[in-house]
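> what's the 3D shape of this:
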Amino acid sequence: MGELTERKFSVLAYSIARRGDRQPAGGSSESESFALQEDENPAFQRCVEDIRTYLVASRGKTEEERLQYSESLNRAVLGFEEERIRFVAIINDQLAKRRMNHIVPSNRRYATLAEAVFAEVIGLNVLELLLRDRDGLEEIQVVGKDIFEVRGGKATPSPHKFQHLKEVERIQQNLVLFNNEVINPRKRWAEVSLRDGSRVTLTGFGFTAEPTMTIRFYTMRYYNLQTLCQPEYETIDEKIKTVLLCLLRSCFNMVVIGPTNSGKTNLIKALIAELPDHERIVTIESRYELMLKRDFPNKNIIEYEVSEDDEHHCGNQAFKLALRQSPKRICHAEIRDDDANVYVRACTRGHEGSITSVHVNELEDAPDAITDMCMLDGRGMNPGRLTKRITEYVTQIGFEMGMAGGRRKLLRIGEYGYENGEVKVRDIVRYDFASGAWQFPERFSGRAVLRMMKYDPDGCRILREMGMVDSC
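All right, here's what the predicted structure looks like:
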């Protein structure tokens, strides 16, 4: 009976078995050579393997206890603090019983031997050292053994580095296993999430030349427009904040463009932070990035996470359900091919004040890009009429984010119009790189002013005093 108990299923054992059995695509000799390299600290590696073997053995006498143990191990890998503390304590106890506390870790930056062993067996290896200092850390980028840290939108080489590629692959296998995902020769990539919602993108041998990991963190900070005016950000100034508040209250449909790490998410969150808590907002994302309910617990928000690989939980289905849940505004993280038509219909059928993002180079390109997505479903639509409709009702106001002087900036605010069969963008605000200041080349159109007078007459009068509109 005892022998049978020892052979019960163990999550960690299964993970190790998968790592041991899996060969790199194409039988990569490079991966094998790294795996066979002799470690510089054999005593520490023997210690790690002893503790790993101990943890592999199923804990508990009953099936329920073993399931609880596996769940705790799962949560420790994904970053749940209580379980991580528990397993560090278990490791520390075993080190004391085995009289191993004299062993020096390969990396001496860990506070204790138990923490170093935890990082090797359960945690994220050397990345644990980076995670201790999360202040300002936006991304961790791993390419082979090399690590880069992204802070303030800029990637710099990390002082830390993996010793072997097998360490990267071990972390990949743990993460996909405990996220019910897979990365193997048939599927050489995966996307998973850590406990705090941080997104991890993984690629393996055969898809990329070396295994990679990109961990994108989502800040816990509270963002509003006033925050973005502060000296540590300088994303906008007070005058632009006044303009943005009037645009929000006037329920313009808005679109945000800009490269990765340019501050699009921060701007969207800051705009939503200014909305009344009672307003029903529905967000639709492929991965939870905005984390609005976490940061704004009192707001009336429904958050959808969609998967285009699952027809029952795709963006189209989320939109259909969202439109039946009485949303005042819809926040769509990024317009994609399959749900472009649904978002266009939502913006033209009463859900004013919605906001989305789209990948284009210039604000002028956004309506055409959305038109192209809508045309992909094969419906017999007139592209010219569709572009006009999108310009006038979906992308009424555009925001362009980017980097300037090492800081994220709102580079441009444009009002869309459709004239003589072409998309036109009126430059309301533009950042001047030469002077390092914002300029206000043009005023809002009469059509925009009428809307402001309808929804926010006080705000319109303030803009008139600022010289942003002709009359109210």
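
> just the helices in the stretch 251-400 of the chain please.
Applying DSSP state H, counting those that start in this stretch to the stretch 251-400 of the chain gives helices spanning 264-273, 292-295, 315-322, 340-347, 366-375, 383-393.

> dump those into CSV; add mean neighbour count as well.
For every residue, glycine as well, the C-beta is placed using N, CA and C. Converted to CSV, these look like this (neighbours: other Cβ atoms under 10 Å):
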stretch, mean neighbour count
helix 264-273, 22
helix 292-295, 17
helix 315-322, 19
helix 340-347, 22
helix 366-375, 21
helix 383-393, 18
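
> with distance to Gln173 and mean pLDDT added, can I get those helices in TSV?
Listed next are the helices of the stretch 251-400 of the chain as TSV, based on distance: least, Cβ to Cβ, whole Å; pLDDT from 0 to 100:
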stretch	distance to Gln173	mean pLDDT
helix 264-273	30	92
helix 292-295	29	84
helix 315-322	30	85
helix 340-347	37	86
helix 366-375	36	93
helix 383-393	44	93
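
> so which of the ones you listed is nearest Cys472?
Proximity to Cys472 (Cβ to Cβ) singles out helix 383-393 among the helices of the stretch 251-400 of the chain, at 21.7 Å.

> hmm, which helix or strand of the protein has the shakiest average pLDDT?
Lowest on mean pLDDT, DSSP states H and E among the helices and strands of the chain sits helix 29-36, with a mean of 35.

> the domain parsing of the protein - what is it?
Here the domain assignment for the chain is 2-216, 225-465, based on automatic domain parsing.

> distance to Ser471 added to these, as a markdown table?
Listed next are the domains of the chain as a markdown table, based on distance: least, Cβ to Cβ, whole Å:
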| stretch | distance to Ser471 |
| --- | --- |
| domain 2-216 | 40 |
| domain 225-465 | 7 |
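
> pull the longest strand from the chain.
Taking DSSP state E as the criterion, the chain has its longest strand at strand 407-419.

> and stretch 130-148, how far from the chain's centre?
Distance of stretch 130-148 from the chain centroid (Cα atoms, centre = their mean, to the nearest Å) equals 15 Å.

> for that stretch, measure first residue to last.
End-to-end span of stretch 130-148 (Cα to Cα, to the nearest Å): 10 Å.

> now swap in stretch 422-442 and tell me
One end of stretch 422-442 sits 19 Å from the other (Cα to Cα).

> for that stretch, buried residues please.
By neighbour count with 16 or more other Cβ atoms under 10 Å, stretch 422-442 contains the buried residues Val423, Val425, Ile428, Val429, Arg430, Tyr431, Trp438, Phe440.

> nearest residue to Asp377 in space, please, no chain neighbours.
Asn341 (6.1 Å; Cβ to Cβ, 6 or more residues apart in numbering).

> could you measure from the one you found over to Cys314?
Distance from Asn341 to Cys314, counting by Cβ to Cβ, to the nearest Å: 13 Å.

> so which strand or helix has Ile103?
Counting by DSSP states H and E, no helix or strand carries Ile103.

> ok, it - contacts?
Residues near Ile103 by Cβ atoms under 8 Å, 6 or more residues apart in numbering: Ala43, Phe44, Cys47, Leu113.

> the last one reaches Arg98, doesn't it?
To tie it back to what came earlier, the one meant is Leu113. No. Using Cβ atoms under 8 Å, Leu113 makes no contact with Arg98, being 11.1 Å away.

> on that earlier part again, elements contacting the longest strand of the chain?
Helices and strands touching strand 407-419, as assessed by 3 or more Cβ pairs under 8 Å, 6 or more residues apart in numbering; DSSP states H and E, comprise helix 238-249, helix 383-393, strand 397-404, strand 422-432.

> so for the third one, mean pLDDT?
Per-residue pLDDT values across strand 397-404 average out to 96.

> mind giving me the packing neighbours of it?
Where contact means 3+ Cβ pairs under 8 Å, 6+ apart, strand 397-404 is packed against strand 254-257, helix 264-273, strand 407-419.

> chain center to that strand: distance?
Offset of strand 397-404 from its chain centre (Cα atoms, centre = their mean): 19 Å.

> measure how it sits relative to helix 264-273, angle-wise.
Angle, strand 397-404 to helix 264-273, by axes from the mean of the first three to the mean of the last three Cα atoms, to 10 degrees: 130 degrees.

> just the first one next, same as before
Between helix 238-249 and helix 264-273, the angle comes out at 70 degrees (the same axes, to 10 degrees).

> please identify the buried residues of helix 238-249?
In helix 238-249, counting by 16+ other Cβ under 10 Å, buried: Ile240, Lys241, Thr242, Val243, Leu244, Leu245, Cys246, Leu247, Leu248, Arg249.

> in JSON lines: these, plus distance to Pro383 and pLDDT.
Below are the buried residues of helix 238-249 laid out as JSON lines (distance: Cβ to Cβ, whole Å; pLDDT from 0 to 100):
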{"residue": "Ile240", "distance to Pro383": "34", "pLDDT": "97"}
{"residue": "Lys241", "distance to Pro383": "37", "pLDDT": "97"}
{"residue": "Thr242", "distance to Pro383": "37", "pLDDT": "97"}
{"residue": "Val243", "distance to Pro383": "32", "pLDDT": "98"}
{"residue": "Leu244", "distance to Pro383": "32", "pLDDT": "98"}
{"residue": "Leu245", "distance to Pro383": "35", "pLDDT": "97"}
{"residue": "Cys246", "distance to Pro383": "33", "pLDDT": "97"}
{"residue": "Leu247", "distance to Pro383": "28", "pLDDT": "97"}
{"residue": "Leu248", "distance to Pro383": "31", "pLDDT": "97"}
{"residue": "Arg249", "distance to Pro383": "33", "pLDDT": "97"}
